[in-house]
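>>> got a structure for you, letters missing:
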Ligand SMILES: O=C(O)c1ccc[n+]([C@@H]2O[C@H](COP(=O)([O-])O)[C@@H](O)[C@H]2O)c1
Ligand SMILES: Cc1cc2nc[nH]c2cc1C
């Protein structure tokens, strides 16, 4: 589906309102710019209060995790799914602090998740995804299903009243396929995109760079096509995340992007449907180099830069108060013309 950009006329009206506020010209800096963008995206000047912001964490495991690319074992993935469900993960704490709803979905966790509510795995595509340096992450049919799952979940959240969506990720090893997606999209070598993820040492970083390089060579010229790239180099959870952000952009609903996984999928969505990035707000800058490279390509400047590298949607959730600040300024500040005698 083609992307309809945010309303240009509303953006112009919002820009006029910002210029007329009882502040020195430009004094609201990028918060003012965000207020203008949110007005256009949310369809009103001033924009409505953000009372319904929704985080969906799409979890999955990755074949590369068995090849020395992470500082942690794959057993962490199901453990953190349970923690998110219990409300004890980092993103849970931030979401509670900032009034953000959290939904956790098992898209490709390599575990039965016994005892976890069945709806958490209702959209499961498969257990784990292929080790991308040795085999394709997904079949073409699995890519199609994962994209569809992500789209369906976004549609559910929008139908339920979500004004702003956030995609969160969870899965040991996922910074390896995400870095590969960015390298493929930007035509960069492995050395430029690979970071330390959960904190691998120098030997781990070298292994990870080799894995990404091998994966890119294996994918060959399929990287010219974004959907073929998802089959070769991503995972079911990353393909679902791509479908999630794509469907939000198609529906004209803003998405606050998080760290590397969220931004790699946003970049893939922009490759599939040019113009999607107009609906994305960069929540924060991750420490992963590929995230910054992808944000630059998307033309997005992150709101926060706090050295976060947690994932789970945490950086995007931390940025929600900045979005609410932008909305409050657009709504509640007087016009200078109303304060000055004529
Ligand atoms: O959001 C990020 O940019 C980010 C950067 C580093 C690590 N993470 C999280 O850590 C896990 C992946 O790290 P790794 O080293 O196992 O590839 C995964 O669960 C992510 O949510 C997330
Ligand atoms: C403990 C832990 C929590 C996480 N949350 C997202 N990725 C993670 C990775 C680890 C290792």
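Thanks, I have it. Everything numeric here is computed off the predicted structure, so don't read it as measured data. Ligands and ions are numbered 1, 2, ... in the order given.

>>> Give me the three-state assignment for residue 69.
coil (DSSP: H, G, I helix; E, B strand; the rest coil).

>>> I'd say it and residue 210 touch.
No - assessed by C-beta atoms under 8 Å, residue 69 is found out of contact with residue 210, at 9.4 Å. (C-beta placed from N, C-alpha, C; glycine too.)

>>> and these two? which has more neighbours close in?
Set residue 69 next to residue 210 and count neighbours by other C-beta atoms under 10 Å: residue 69 wins out with 29 against 16.

>>> Check the more buried one and give its pLDDT.
The score at residue 69 is 98. That number is its pLDDT.

>>> What of the one 4 residues further on?
Residue-level confidence at residue 73 comes out at 98, pLDDT.

>>> Now do the same contact list for it.
Contacts for residue 73 were tallied using C-beta atoms under 8 Å, 6 or more residues apart in numbering; they are 65, 172.

>>> Tell me the secondary structure at the residue minimising distance to the centre of the chain.
In the chain, the residue lying closest to the centroid (C-alpha atoms, centre = their mean) is residue 262, at 2.5 Å. At residue 262, secondary structure determined by three-state DSSP is helix.

>>> if I look at the residue lying closest to residue 281 once chain neighbours are set aside, how far off is residue 181?
Once flanking residues are discounted, residue 281 sits nearest to residue 256: 5.0 Å by C-beta to C-beta, 6 or more residues apart in numbering. The gap separating residue 256 from residue 181 is 20 Å, by C-beta to C-beta, to the nearest Å.

>>> Compare neighbour counts for the two and give me the winner.
residue 181 (34 against 27).

>>> Wasn't that one part of a helix?
Yes - counting by three-state DSSP, residue 181 is part of a helix.

>>> thought it was touching residue 238?
Yes - counting by C-beta under 8 Å, residue 181 touches residue 238, with 6.9 Å between them.

>>> Can you work out which residues contact both of these two?
230, 264-265, 268.

>>> circling back to that earlier point, regarding the residue nearest to residue 281, which helix or strand does it belong to?
In this structure, residue 256 sits in strand 255-257 according to DSSP states H and E.

>>> Counting by contacts, list what that strand packs against.
strand 164-170, helix 236-251, helix 260-272, strand 280-282, helix 314-332 (3 or more C-beta pairs under 8 Å, 6 or more residues apart in numbering; DSSP states H and E).
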